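**Q** A structural model of the following input is requested.
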Amino acid sequence: MPAVHITQADLAPYAEISEDKANSMIAGALARAPLKAPCITSEDFQHTTAAKAVLIEAILRWNESGGGTVTQNVAGPFQQTIDTTVRRRGLFLHAGAYDTAGHPGNRHITTCRLNTGGQCCSCGATLLP
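**A** Numbering: from 1, shown residues only. As a prediction, this is how the structure comes out:
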């Protein structure tokens, strides 16, 4: 049983998503999260609020992907194309690893299981973009 729980009500303040779509997206995100951070499924996971926020953000990005339009304006020899579509990328983004001082390198907190000889992340850093 995952330590992080998300419902449609958690998404409602940010976007109008039908119940079926929201439940499907939540199930997908919760199924993929352990692939990036296996310890998120343990009941003693200590960063449930942060992990929930990252998952909600990922679901909202997923919901917005593919939206928008492409518009072309032509005036004489000039042409302009405006593309407001949002490209679909991976559910969890990787913007680079940084330690707590903001330097490239280890972004896990000192007490993370990976820093203390464990086999998986217990701080949730692997979920962060």
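**Q** just the helices in this protein please.
**A** 8-11, 19-36, 48-64 (DSSP state H).
**Q** what's the most buried one of the ones you listed?
**A** A comparison of those by mean neighbour count, using mean count of other CB atoms under 10 Å, puts helix 48-64 on top with a mean of 18. All C-beta atoms are positioned from the backbone trio N, CA, C, and that covers glycine.
**Q** Now do that one against helix 19-36, angle only.
**A** For helix 48-64 against helix 19-36, the angle by axes from the mean of the first three to the mean of the last three CA atoms, to 10 degrees is 120 degrees.
**Q** For Gln46, list the residues it contacts.
**A** Residues near Gln46 by CB atoms under 8 Å, 6 or more residues apart in numbering: Ser122, Cys123.
**Q** for it, phi and psi?
**A** phi -100, psi -10 (degrees, to the nearest 10).
**Q** any idea how far Pro13 is from it?
**A** From Gln46 over to Pro13 the distance is 25 Å, taken as CB to CB, to the nearest Å.
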